[in-house]
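> the sequence isn't on hand, but the structure is:
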């Protein structure tokens, strides 16, 4: 199933405050159009800007950008983009070689001419408009009698809205579901296609502590890096060309002259990915009893398999760095999810919340008529979706074979080309060709046949644990006839030009091909289509039930006076909180970590190997003007109550005046359960302090050119 289906299949329920006011808990990921609703609470906490200024048309929000998975921001008039080190990691990896290892040593371009092309799929998306398109999306939907028909009508409406929006040059548009599919908004963005790597500190700064410190506090990671957005001389967006020039944004963030201190107001603007704070009790129980334990085990095994397959080869380790880091990051996050669900008694909490809502519905015949049926229908869909999800989790393991994924993508592309563009599956329309090319190109940087084979063999072993009825017989027969040896020896797909040439061949050429991966892709196709149709049917029926159910939740929230915000779905959001530590069961977590703490962790080995220059500067206390007066030393990271989730990585952290004071990059392991249920005493976000960023740039890496561009006077 392609990722474009996610807006329906994962259309999540709303998030609700379970406290009296927004100000007391700092809960909520608010749309730009909702700032008037929470402006008083923000000002009470320390916001000094007029909330009328907090719109897409003004700074600071119009300096916030998406990288298509991470968040970022413009920090200079020359298109300089600040984000996390782990968000530029793939580009660092792609430009590294054994004898020029930027992953370990870092990278700094001394001039514009030395800035390197980012990974092929890199984009900078500048959000220009977010508008309500609910009426257009739901046009004709309620008349559809079954799930598949509903899905297809929603998908057709979505494509039509996107097509009109993208008639504007260089625009990327998408429609997202809000409030469980009860409403929809179209997000219009300028798509900048030429993105270049400008600066990433050494791995001993940008990834200091590695997986050991990931999701932990105290933290001493300088998780920051810089891209630059480039456009054609006429201002239009085009892929990399030597003649391209830096993009000039409408506004950019100013770097704060003074950093934050404990109890200061901070806000974060970015693109949080997904939260599930009001799934039904049955969905929550299934997720933590079955789905996440299986996913965690599969990811843990996958990380071990990558480590084993790449052992002894630095080239292989470089190629699989980004994949491995992502796998280990999410696997550890699931550990926190599972422990957090038990710690806060999530099952009991959800059951109680749901019981109160359903009793409210049952108390009134009109409410019962409107929302009671939807509740029962959603309950039935939850059972069906739960059953399907475990099967799909194992079936998806075949995607770990990168050349097989490439072949399946190619064959699906040419099959979709047999239809009119508007009838093609989302992800395979004309608008998606460049993205397909980028993904096919990316394999060159992340693929080695010897590693791919080992990972595929391990995936097959797990796949075969499925019941025979849930496995693809045609695929297994074809694989048995070909054999793994021929699969990797006889294929020509690892050649970039050969691989891309298949995009323009007819389906008949695939069906007649002797390339073993092509043969497997052809064998898998009928099963893929059948599974996708079944998933669409479930998605359509789920949307019908959940949209009505969530409308009931909205009415219930209004009736009892609880403010409402939509769950995260990858669109631009604003959230705020305070710089605050945490006290838990005898542990006191101070809100800041310091350079001395980094030095104490430094071992010179593995994940705790800071650069020699940084170690020497810390020992000499060569901090210049970057000292925090309240701490008497150089801060590294700080903690806050800001409400964020995955996708917020790289989000600018702003003070009450809207000035840049750092970057959000992580949370604490005991707080990640907030994706499912906000807990004010557990929820903490981790930010790299702008003073540590500037100190590293100035005193360690000599990035004076960038500091000057950002309006910073070296200290």
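That came through fine. Because the structure is a prediction, the values reported are computed rather than measured. Residues are numbered from 1 along each chain as shown.

> need the helices for the stretch 201-350 of the chain, in chain order.
Counting by DSSP state H, counting those that start in this stretch, one finds helices in the stretch 201-350 of the chain at the ranges 203-206, 210-213, 281-286, 292-310, 314-319, 321-343, 346-362.

> tell me which of these is the most buried.
helix 203-206 (a mean of 24; mean count of other Cβ atoms under 10 Å). Quick note: C-beta positions are derived from backbone N, CA and C, even for glycine.

> what is the rounded mean pLDDT of that one?
In this model, helix 203-206 has a mean pLDDT of 98.

> which neighbouring elements make contact with that helix?
helix 85-94, helix 102-105 (3 or more Cβ pairs under 8 Å, 6 or more residues apart in numbering; DSSP states H and E).

> residue 256 is nearest to which of those helices?
Ranking the helices and strands packed on helix 203-206 by proximity to residue 256 (Cβ to Cβ) places helix 85-94 first, at 20.6 Å.

> what's the angle between the closest one and helix 321-343?
Calculated by axes from the mean of the first three to the mean of the last three Cα atoms, to 10 degrees, helix 85-94 forms an angle of 150 degrees with helix 321-343.

> can I get the helices and strands packed on helix 203-206 in CSV with mean pLDDT?
What follows is the helices and strands packed on helix 203-206, written out as CSV (pLDDT from 0 to 100):
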stretch, mean pLDDT
helix 85-94, 96
helix 102-105, 96
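
> how about the ones you listed, which one is nearest residue 617?
Of all those, helix 102-105 comes closest under Cβ to Cβ, at 17.0 Å.

> quick check: buried residues in the closest one?
Across helix 102-105, burial judged by 16 or more other Cβ atoms under 10 Å covers 102-103.

> nearest spatial neighbour of residue 394, chain-adjacent residues omitted?
In space, and not counting its chain neighbours, residue 394 is closest to residue 466: 5.2 Å by Cβ to Cβ, 6 or more residues apart in numbering.

> so who does the one you found touch?
391, 394-395 (Cβ atoms under 8 Å, 6 or more residues apart in numbering).

> any idea how far it is from residue 256?
54 Å (Cβ to Cβ, to the nearest Å).

> with residue 468 instead?
62 Å.

> going through the contacts of residue 466, which ones are buried?
Buried members of the contacts of residue 466, scored by 16+ other Cβ under 10 Å, are 394-395.

> in a markdown table, list the contacts of residue 466 along with pLDDT, distance to residue 279 and secondary structure.
Formatted as a markdown table, the contacts of residue 466 follow (pLDDT from 0 to 100; distance: Cβ to Cβ, whole Å; DSSP: H, G, I helix; E, B strand; the rest coil):
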| residue | pLDDT | distance to residue 279 | secondary structure |
| --- | --- | --- | --- |
| 391 | 94 | 20 | helix |
| 394 | 94 | 22 | helix |
| 395 | 95 | 23 | helix |
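
> between the contacts of residue 466, which is nearest residue 128?
Of the contacts of residue 466, the one sitting nearest to residue 128 (Cβ to Cβ) turns out to be residue 395, at 38.4 Å.

> what's near enough to touch that closest one?
Contacts of residue 395 by Cβ under 8 Å, 6+ apart are 463, 466, 470, 531.

> can you pick the most crowded of the residues you listed?
Scoring the contacts of residue 395 on neighbours with other Cβ atoms under 10 Å, the highest-scoring entry is residue 463 at 20 neighbours.

> and for the closest residue in space to that one that isn't next to it in sequence, the neighbour number?
Leaving aside its chain neighbours, residue 463 sits nearest to residue 397 (5.2 Å; criterion: Cβ to Cβ, 6+ apart). Neighbourhood size, residue 397 [other Cβ under 10 Å]: 20.

> what does the one 10 residues further on give?
Applying other Cβ under 10 Å, we find 26 residues neighbouring residue 407.

> okay, and it sits in which element?
Here residue 407, judged by DSSP states H and E, is contained in helix 402-416.

> tilt between that helix and helix 321-343?
90 degrees.

> now what about helix 402-416, what contacts it?
Residues from elsewhere that reach helix 402-416 (Cβ under 8 Å, 6+ apart): 398-399, 424-425, 428-429, 436, 439-440, 443, 446-447, 449, 452, 456, 488, 491, 493-494, 499, 502-503, 505-507, 510, 515, 517-518, 520-522, 524-525, 528.

> write the PyMOL selection for whichever of the residues you listed are buried.
Buried residues among the contacts of helix 402-416 (16+ other Cβ under 10 Å), as a PyMOL selection:
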select buried, resi 398+424+425+428+429+436+440+443+446+447+452+456+488+491+493+494+499+502+505+507+510+515+517+518+520+521+522+524+525+528
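
> take the contacts of helix 402-416 and keep only those in helices.
436, 439-440, 443, 446, 449, 452, 456, 488, 499, 507, 510, 517-518, 520-522, 524-525, 528 (DSSP state H).

> if I look at the residue lying closest to residue 89 once chain neighbours are set aside, how far off is residue 87?
In space, and not counting its chain neighbours, residue 89 is closest to residue 322: 5.4 Å by Cβ to Cβ, 6+ apart. Distance, residue 322 to residue 87, using Cβ to Cβ: 10 Å.

> same question, residue 269
Counting by Cβ to Cβ, the gap from residue 269 to residue 87 is 15 Å.

> just the element for the residue nearest to residue 286 when sequence neighbours are not counted, please.
Computed as Cβ to Cβ, 6+ apart, the closest residue to residue 286 that is not its neighbour in sequence is residue 386, at 4.5 Å. Assigned by DSSP H and E, residue 386 belongs to helix 373-395.

> run the chain-centre distance for that helix.
On the basis of Cα atoms, centre = their mean, to the nearest Å, helix 373-395 sits 24 Å off its chain's mean C-alpha point.

> relative to helix 292-310, how tilted is it?
Going by the same axes, to 10 degrees, helix 373-395 makes 20 degrees with helix 292-310.

> pull out the buried positions in helix 373-395.
So for helix 373-395, counting by 16+ other Cβ under 10 Å, buried means 374-375, 377-378, 381-382, 385-386, 389-390, 393-395.

> over to stretch 694-713?
694-701, 703, 705-707, 709-710, 712.

> contacts for that stretch next, please.
Stretch 694-713 is contacted by residues 75-76, 78, 80, 106, 108, 110-111, 198-199, 201, 205, 222, 226, 254-255, 611, 613-614, 617, 622-624, 626, 634, 714-715 when judged by Cβ under 8 Å, 6+ apart.

> all strands of the stretch 601-715 of the chain, in order?
Along the stretch 601-715 of the chain, counting by DSSP state E, counting those that start in this stretch, strands occupy 635-640, 652-654, 660-667, 685-689.

> of these, which is nearest residue 596?
strand 635-640 (9.5 Å).

> where does pLDDT dip in this protein?
1-25, 563 (pLDDT under 70).

> okay, domains of it per the record?
3-13+20-123+193-277+567-709, 281-551 (automatic domain parsing).

> how far does the shortest one sit from its chain's centre?
Pointing back at domain 281-551 there. 16 Å.

> what is the end-to-end distance of it?
One end of domain 281-551 sits 17 Å from the other (Cα to Cα, to the nearest Å).

> residue 659: how many residues sit nearby?
The local packing of residue 659 (other Cβ under 10 Å) involves 19 other residues.

> that one against residue 259, yeah?
No. Using Cβ atoms under 8 Å, residue 659 makes no contact with residue 259, being 10.0 Å away.

> can you pull out the helices in the stretch 501-650 of the chain?
507-511, 516-560, 595-601, 612-619.

> which stretch among those comes nearest residue 146?
helix 516-560 (7.0 Å).
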